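# Provided below are the primary sequence and the corresponding predicted coordinates.
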Amino acid sequence: MDRDLEAPAKTVNGEIPKYSLPPFRFPAAINLGSSYPLGDALIARRRWDDPEVLAERDILFGPDDQLALAYVQTKRQKMLNKFCKAFVKLERIEHDAFGDNSYFLHKDSANIMQI
């Protein structure tokens, strides 16, 4: 399930994974919340007949190209901002979860050694 941040029981094409499946949630997984209704519909968080999804669809595929472009630019910026905030949290959570085995700890150490 999406909210549990666990590996899915089936692959994208509906098959059961052929190799190992972790029996636990990845300790550093974080939830990236909704950015916009149309995007939610694309990943099945909302229904396609949701009024907000339909309104955004109409903007994106409507006759006003400037409005559609402004919509895309606004949503891109919002998603980028959310990603950057989430990434800062991810680094902290990953370090707390893995301690001395943290990817970011070793990455930072390697960068310091190169300087």
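Looks like it arrived, so ask away. Numbering: from 1, shown residues only.
# ok, and the helix or strand in this structure with the lowest average confidence?
Lowest on mean pLDDT, DSSP states H and E among the helices and strands of the chain sits helix 103-114, with a mean of 70.
# Extract the residue ranges of the protein that are flagged as low pLDDT.
1-3, 108-115 (pLDDT under 70).
# ok, 90 please
Within the chain, the segments meeting pLDDT under 90 span 1-35, 43-45, 97-98, 101, 103-115.
# show me where it has helices.
Here the chain has its helices, by DSSP state H, at 37-42, 51-61, 65-98, 103-114.
# Switch these over to TSV, and while doing so, append distance to P8 and mean neighbour count to every line.
Using the backbone N, CA and C atoms, a C-beta is placed for each residue, glycine as well. Formatted as TSV, the helices of the chain follow (distance: least, CB to CB, whole Å; neighbours: other CB atoms under 10 Å):
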stretch	distance to P8	mean neighbour count
helix 37-42	17	17
helix 51-61	23	14
helix 65-98	20	13
helix 103-114	23	11
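# of the ones you listed, which approaches L21 most closely?
Proximity to L21 (CB to CB) singles out helix 65-98 among the helices of the chain, at 19.6 Å.
# how much does that closest one deviate in direction from helix 51-61?
120 degrees (axes from the mean of the first three to the mean of the last three CA atoms, to 10 degrees).
# Contacts only, for the most centrally placed residue in the chain.
Nearest to the geometric centre of the chain sits L32, at 5.0 Å (CA atoms, centre = their mean). Residues near L32 by CB atoms under 8 Å, 6 or more residues apart in numbering: 82-83, 86.
# One more pass at 6 Å, please.
A86 (CB atoms under 6 Å, 6 or more residues apart in numbering).
# What's the separation between it and A7?
Separation of L32 from A7 (CB to CB, to the nearest Å): 17 Å.
# I'd like to know which of the helices of the chain is closest to V12.
helix 37-42 (13.7 Å).
# Show me what the closest one is packed up against.
Under the contact criterion of 3 or more CB pairs under 6 Å, 6 or more residues apart in numbering; DSSP states H and E, helix 37-42 touches helix 51-61.
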